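In: Sequence and computational prediction follow.
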Amino acid sequence: MARAAGFLVIAFCIFAAARCLPAQESVVTLDPAATKVEFTLGATLHTVHGTFKLKSGQIRFDPSTGKASGSIVVDATSANTDNSGRDSKMHKEILESAKFPDIVFTPNQVKGSIAPTGTSQVEVSGTMRLHGADHDMTLSMSVEPEAEGQLKAETNFPVPYVKWGLKNPSNFFLRVSDTVNVEVHAAGRIAPAAH
């Protein structure tokens, strides 16, 4: 779940980076191979670390209004903690990834602007669909332009998965946090939108 959130955050960062372009509608395309979505879950015995893979991400963004549209899709079936037993339980009982294979973030607004050089801070608002339910989110991100048309963005945020209706894997012997922390390192490219 946290990974899904991380993926959405990456999308937000890319949208915000579009502010570096002239005031015209732009399209941001995320690079799945260059984007990392990582999560950590605290537990009584140790902290669980895992990753998700990005399926796709393309967003249209209007720098003059801050309005955004499109979607960022994270592959819920790719969730991996390097422990086959734990991963099997996570997919079958928590994420139910066979039934809900995608985690989708739909951005609708970007606040802040991106400087042509250096790191800028922006806020991206939108909706994350996780486990079949929609949740409003506003994420704070740092965005940094790189080579022409390229950018990188980072963010980290908590995902209250139990509050959002997913099962807590705690049992008599193991207590697990009801919140997953997500960290996203994203990369993508920006281009003017074709009309």
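Out: Ah, there it is.

In: all contacts plus neighbour counts: C-alpha atoms, from now on.
Out: Noted.

In: Tell me how many other residues crowd residue 41.
Out: Residues within reach of residue 41, counting by other CA atoms under 10 Å, total 17.

In: tell me the contacts of it?
Out: Applying CA atoms under 8 Å, 6 or more residues apart in numbering to residue 41 gives the contacts 47, 48, 49, 176, 177, 179, 180, 181.

In: mind putting the residues you listed in JSON lines, distance to residue 144 included?
Out: JSON lines is the format used below for these (distance: CA to CA, whole Å):
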{"residue": "47", "distance to residue 144": "30"}
{"residue": "48", "distance to residue 144": "29"}
{"residue": "49", "distance to residue 144": "26"}
{"residue": "176", "distance to residue 144": "35"}
{"residue": "177", "distance to residue 144": "32"}
{"residue": "179", "distance to residue 144": "28"}
{"residue": "180", "distance to residue 144": "26"}
{"residue": "181", "distance to residue 144": "23"}
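
In: Give me the buried entries from those.
Out: Listed as buried from those are 48, 49, 176, 177, 179, 180, 181; burial here means 16 or more other CA atoms under 10 Å.

In: from the contacts of residue 41, which ones fall inside strands?
Out: Mapping those onto strands (DSSP state E) picks out 48, 49, 180, 181.

In: In which helix or strand does the closest residue to residue 156 other than its chain neighbours reside?
Out: Spatial nearest neighbour of residue 156, chain neighbours left out: residue 183 (4.2 Å); criterion: CA to CA, 6 or more residues apart in numbering. Using DSSP states H and E, residue 183 sits in strand 180-192.

In: for the protein, what are the low-confidence residue spans?
Out: 1-23, 172, 195 (pLDDT under 70).

In: Settle this for me: residue 106 is touching residue 61, isn't it.
Out: No. The criterion here is CA atoms under 8 Å, and residue 106 misses it with residue 61 at 12.0 Å.

In: and those two? which has more neighbours close in?
Out: residue 61 (31 against 24).

In: Excluding chain neighbours, what is closest to that one?
Out: residue 68 is the one closest to residue 61 (CA to CA, 6+ apart), at 4.5 Å.

In: Tell me if I am right that the one you found is in a strand.
Out: Yes. Judged by DSSP: H, G, I helix; E, B strand; the rest coil, residue 68 forms part of a strand.

In: Share the number of residues neighbouring residue 96, please.
Out: Residue 96 has 18 nearby residues by other CA under 10 Å.

In: before we move on, the earlier item: for the residue nearest to residue 156, give its distance to residue 115.
Out: Separation of residue 183 from residue 115 (CA to CA, to the nearest Å): 23 Å.

In: More neighbours: these two, which one.
Out: For residue 183 versus residue 115, neighbours defined as other CA under 10 Å are more numerous around residue 183 (23 against 16).
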